[in-house]
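Chemist: Provided below for reference: sequence and predicted model.
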Amino acid sequence: MTFSFHPEAKDEFNEAIEYYEDCEPGLGYDFSIEVHAAVQNIVNYPTAWKIIEDDVRACLVNRFP
């Protein structure tokens, strides 16, 4: 299974990386690594997450430094 971000979600993700990088150098990178790890977990275990509505599940990104 593969994944892709919706174009607007990708833009929002990149803006979040920039925001965290502006807060502290390297933090944006750490954030992006955690998001990609969460996405990889979703791809590997798609039914492991709590159902929040119909066929929508929630996976939280781990805290990062």
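Modeler: That came through, no problem.
Chemist: Show me what the helix or strand hosting Glu12 is packed against.
Modeler: Assigned by DSSP states H and E, Glu12 belongs to helix 7-23. Helices and strands touching helix 7-23, by 3 or more C-beta pairs under 8 Å, 6 or more residues apart in numbering; DSSP states H and E, are helix 27-44. No exception for glycine: its C-beta is placed from N, CA and C like everyone else's.
Chemist: The helix it packs on - what's its average pLDDT?
Modeler: The pLDDT scores in helix 27-44 average 94.
Chemist: Show the subsequent helix or strand relative to that helix.
Modeler: By DSSP H and E, the next helix or strand past helix 27-44 is strand 50-53.
Chemist: give the contact list for the residue nearest the centre of the chain.
Modeler: Centroid-nearest residue in the chain: Val35, 3.0 Å away (criterion: C-alpha atoms, centre = their mean). Going by C-beta atoms under 8 Å, 6 or more residues apart in numbering, Val35 touches Phe13, Val61.
Chemist: Check the gap between the nearest residue to Tyr29 once chain neighbours are set aside and Val43 for me.
Modeler: Closest residue in space to Tyr29, ignoring its immediate chain neighbours: Glu21 at 7.2 Å, by C-beta to C-beta, 6 or more residues apart in numbering. Distance of Glu21 to Val43, given as C-beta to C-beta, to the nearest Å: 25 Å.
Chemist: Count the neighbours of the residue nearest to Ile17 when sequence neighbours are not counted for me.
Modeler: Nearest residue to Ile17 in three dimensions, chain neighbours excluded: Gly28, at 4.1 Å (C-beta to C-beta, 6+ apart). Around Gly28 there are 18 other residues, counting by other C-beta atoms under 10 Å.
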